[in-house]
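Build the 3D model from these lines:
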Amino acid sequence: MYVVLNPAPASVEIKPYLCYCDLITPNETELDILGGKEEILNNTNAKLLVTLGGKGYSIQTKDGENTYPCIKVKAVDTTAAGDTLSGGLCAKLSQGERLEVAAAFGSKAASIACTRKGAQPSIPNEKEVEQYCSQWNNQK
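Modelled structure (predicted):
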């Protein structure tokens, strides 16, 4: 079993359970509430995927850290961005994709969600993400 925890909203009360996670996906504020990256990486075997809002996300392990940009969009409503990233990430992980590929897909889905109003209605499906990315790549 591969356990992914999106600690939103974060609470110090969940810290004893972080050792049971394979991947923890906080935003920067949630990461601070949980004790910071050093505490988590030193006390668990989990990897971190830290969301950075309009700056993208970083994947952090005991071996190092890589930061990845997100697609720049004109944000209309960021309400569901984190949840959309998590959903896209987990969907791709469940299909056997590597963490880096799954995270990129989730990030693209989150960028699209930010261009739409509302929470649940803003979340794109897989086909919409693929079409959007195809159009975006052609405009570069």
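
Tell me which residues touch Ala8, please.
Shown in contact with Ala8 (CB atoms under 8 Å, 6 or more residues apart in numbering): 26-27, 30, 82-83. Quick note: C-beta positions are derived from backbone N, CA and C, even for glycine.

try 10 Å this time
Contact analysis of Ala8 by CB atoms under 10 Å, 6 or more residues apart in numbering lists 25-27, 29-30, 51, 82-83, 86.

Just send those residues back as a markdown table, with secondary structure and pLDDT too.
Below are those laid out as a markdown table (DSSP: H, G, I helix; E, B strand; the rest coil; pLDDT from 0 to 100):
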| residue | secondary structure | pLDDT |
| --- | --- | --- |
| Thr25 | coil | 97 |
| Pro26 | coil | 97 |
| Asn27 | strand | 96 |
| Thr29 | helix | 96 |
| Glu30 | helix | 97 |
| Thr51 | strand | 96 |
| Gly82 | helix | 92 |
| Asp83 | helix | 92 |
| Ser86 | helix | 95 |
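
Any chance of a ChimeraX selection covering the buried ones in the residues you listed?
Remark: buried members of the contacts of Ala8, expressed as a ChimeraX selection using 16 or more other CB atoms under 10 Å:
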select :25,26,27,30,51,82,83,86
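
now, among the contacts of Ala8, which is nearest to Glu13?
Of all these, Glu30 has the smallest distance to Glu13: 13.0 Å, by CB to CB.

a strand runs through Gln60, doesn't it?
Yes: Gln60 sits within a strand when classified using DSSP: H, G, I helix; E, B strand; the rest coil.

That one contacts Thr51, correct?
No: taking contacts as CB atoms under 10 Å, Gln60 lies outside contact range of Thr51: 11.9 Å.

Brilliant, that's me finished.
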